[in-house]
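Colleague: sharing a sequence plus its predicted fold:
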Amino acid sequence: MSTALQIHASGIKLPVSLIPSTTKQISRASKRVGRIRCSATTPNKKYTIAVLPGDGIGTEVTPVAVEALRLAGSLEGIDFEFKEMLVGGAAYEATGVPFPEETLKASLESDAVYLGAVGITKKMPSSDHLPKHLRPEVGLMRIRRALGVYANLRPITVFPQLLEASSLKRSVTEEVDFMIIRELAGGLYYGKPRGFGINEKGEETGFCTEIYSSSEVDRVARIAFDMAMERRGKVCSVDKATILESSRLWRKRVTIMSEEYPEVDLSHMLVDTSGMELIRYPKQFDVLLTTNVFGDILSDVSAMITGGIGMLPSACIGGPGPQLFEPVHGSAPDIEGEDVANPLAAVLTAVMLLRYGLKEEAVAKRIENAIFDTLNEGFRTRDISTPGAKIVGCKKMGEEILKSLYVRVPSYQLN
Ligand SMILES: NC(=O)C1=CN([C@@H]2O[C@H](COP(=O)(O)OP(=O)(O)OC[C@H]3O[C@@H](n4cnc5c(N)ncnc54)[C@H](O)[C@@H]3O)[C@@H](O)[C@H]2O)C=CC1
Ligand SMILES: CC(C)CC(=O)C(=O)O
């Protein structure tokens, strides 16, 4: 079936019938997909989303996620207002700081914040010349802090269509579905003291501190136990309690917390062993709870179970106001500007925004189904290529997802 396409402002080609989505168009669409909730008499729900594309491929994958939200929303009776703001290197170039006041204000006033990626780019291949507080990554650290989010949910779910995309064998990756819960507001990334010095031998030193308080561990552990109750009832807490005092406190508090959850099976694993176990037998994990730095590393390791880092979305939750949603990957300067970035992490992040931020499950499912359908149609970006696949770029992958949202009847269900 061929559909007339038109270039939308985002650069993505949309079916002409979707620009803009008037009531008339929606009612026409309704006959085709048969599942459209809005009508002329029911006003659409409205949400404001602060959109921070950031740097590098952040600016390529974010429009795909935004268009998926816009279209899926319109098909389910929801209007999104997107407020695009600067963060990271892009903000530094335009304003002299990586996290401008206006970005903070728009974020705090929104219903949810979507961030693409920050980091070095082809134009700024290193930020070593900048003082630390002006580097792109500081934009991300600051917004996480400002929103008070402290739990980073990173689902590791293997799509059946992508079993051949992983560097691991099928028998290892099949049916893998676990959730990494990474502590996000403390630990090594924020602990003080930190800095540079000179030791007694006159040598240069660099130092950071990993420090956790009991309340910091308790609040993220509670999220992990609650999530396990909704899943398969298992929490594996990963630390390095044999060596680190911060990990010993971590283990003690997680163990105390587990007494409130007798239905949940708690285990502890040392971080080095967990690296090995994630590759040997990832199916053993249900909820993997860990610290800021260990979670950062173990989720990149786990990405390879799913096919690659271009598949991993995340939700940063726990704050008092709007929550933050960001793909796990960075600005990827090596592929920036080539239209080869995989937008699925970004679109799956939009799904998390709907599910965990706005509690709009119907829209979340619609987008999830569209991703599933697009993969079933054989479309792949090159990082997740499988035998016989149709290799496409970032924009084309986005177009196919939009078509699946709209033209193809959603009929799939993820776990
Ligand atoms: N959340 C964020 O904004 C993050 C930012 N960074 C920053 O990004 C910059 C680059 O860091 P890297 O270590 O190169 O990590 P990266 O995640 O940007 O890239 C690592 C590798 O994965 C590939 N890759 C990443 N996303 C992809 C996608 N969607 N589709 C296909 N391939 C993809 C890249 O091409 C590269 O080979 C640094 O400045 C770093 O600090 C790194 C990680 C997270
Ligand atoms: C500040 C980030 C660039 C580091 C990172 O990878 C993360 O915390 O997710």
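Modeller: That came through, no problem. The shown structure was predicted, so the numbers you read here are calculated from the model rather than taken from an experiment. Ligands and ions are numbered 1, 2, ... in the order given.

Colleague: looking only at pLDDT, what's the mean for stretch 258-265?
Modeller: Here stretch 258-265 scores 98 as its mean pLDDT.

Colleague: same thing with stretch 352-360?
Modeller: 98.

Colleague: and stretch 273-287, by the same measure?
Modeller: The average pLDDT for stretch 273-287 rounds to 98.

Colleague: run through who's touching it.
Modeller: 156, 168, 172-173, 175-176, 178-179, 181, 224, 227-228, 231-236, 238, 269, 288, 290, 294, 297-298, 301-302, 305 (CB atoms under 8 Å, 6 or more residues apart in numbering). Every C-beta, even on glycine, is put in place using the N, C-alpha and C of the backbone.

Colleague: could you rerun that using 6 Å?
Modeller: Contact with stretch 273-287 is made by 176, 178-179, 224, 227-228, 231-232, 234-236, 238, 301-302, 305, as judged by CB atoms under 6 Å, 6 or more residues apart in numbering.

Colleague: quick one: which of the residues you listed sit in strands?
Modeller: Those of the contacts of stretch 273-287 mapping onto strands are Phe178, Met179, Lys234, Val235, Cys236, Val238, per DSSP state E.

Colleague: what about those residues, which one has the most neighbours?
Modeller: Greatest neighbour count in the ones in strands among the contacts of stretch 273-287, by other CB atoms under 10 Å, goes to Val238: 29 neighbours.

Colleague: between the ones in strands among the contacts of stretch 273-287, which is closest to Thr103?
Modeller: Set against Thr103, the nearest of the ones in strands among the contacts of stretch 273-287 by CB to CB is Met179 (28.8 Å).

Colleague: local confidence estimate at the residue of the stretch 151-300 of the chain found nearest ligand 2?
Modeller: Nearest to ligand 2, among the residues of the stretch 151-300 of the chain, is Asp296, at 5.1 Å (CB to the nearest ligand atom). Listed pLDDT for Asp296 reads 98.

Colleague: list the helices and strands the strand or helix carrying Ile49 packs on?
Modeller: Ile49 is part of strand 45-54 when elements are defined by DSSP states H and E. With contacts defined as 3 or more CB pairs under 6 Å, 6 or more residues apart in numbering; DSSP states H and E, strand 45-54 has these neighbours: strand 78-84, strand 112-117.

Colleague: that one - which strands sit beside it in the sheet, and in what orientation?
Modeller: If you go by DSSP bridges, strand 45-54 pairs up with strand 78-84 (parallel), strand 112-117 (parallel).

Colleague: the residue in the stretch 301-415 of the chain that ligand 1 sits nearest to: neighbour count?
Modeller: Relative to ligand 1, the nearest point of the stretch 301-415 of the chain is Gly330 (2.3 Å; CB to the nearest ligand atom). By other CB under 10 Å, the residues close to Gly330 number 21.

Colleague: so where's the stretch 301-415 of the chain uncertain?
Modeller: 407-415 (pLDDT under 70).

Colleague: of the contacts of stretch 273-287, which is the nearest to ligand 1?
Modeller: Distance to ligand 1, by CB to the nearest ligand atom, is smallest for Val301 among those, at 12.7 Å.

Colleague: how near is the closest one to ligand 2?
Modeller: 13 Å (CB to the nearest ligand atom, to the nearest Å).

Colleague: so what's that residue up against?
Modeller: Counting by CB under 6 Å, 6+ apart, Val301 touches Gly275, Leu278.

Colleague: with Val347 instead?
Modeller: Going by CB under 6 Å, 6+ apart, Val347 touches Val64, Ala65, Ala68.

Colleague: Ala350: neighbour count?
Modeller: Ala350, neighbours per other CB under 10 Å, totals 31.

Colleague: helix/strand/coil for the nearest residue to Ala146 once chain neighbours are set aside?
Modeller: Leaving aside its sequence neighbours, Ala146 sits nearest to Leu104 (CB to CB, 6 or more residues apart in numbering; 5.6 Å). Here Leu104 is helix, with the state taken from DSSP: H, G, I helix; E, B strand; the rest coil.

Colleague: you'd agree Ala65 is up against Ala350?
Modeller: Yes: the pair Ala65 / Ala350 is scored as a contact, 4.2 Å apart, by CB atoms under 6 Å.
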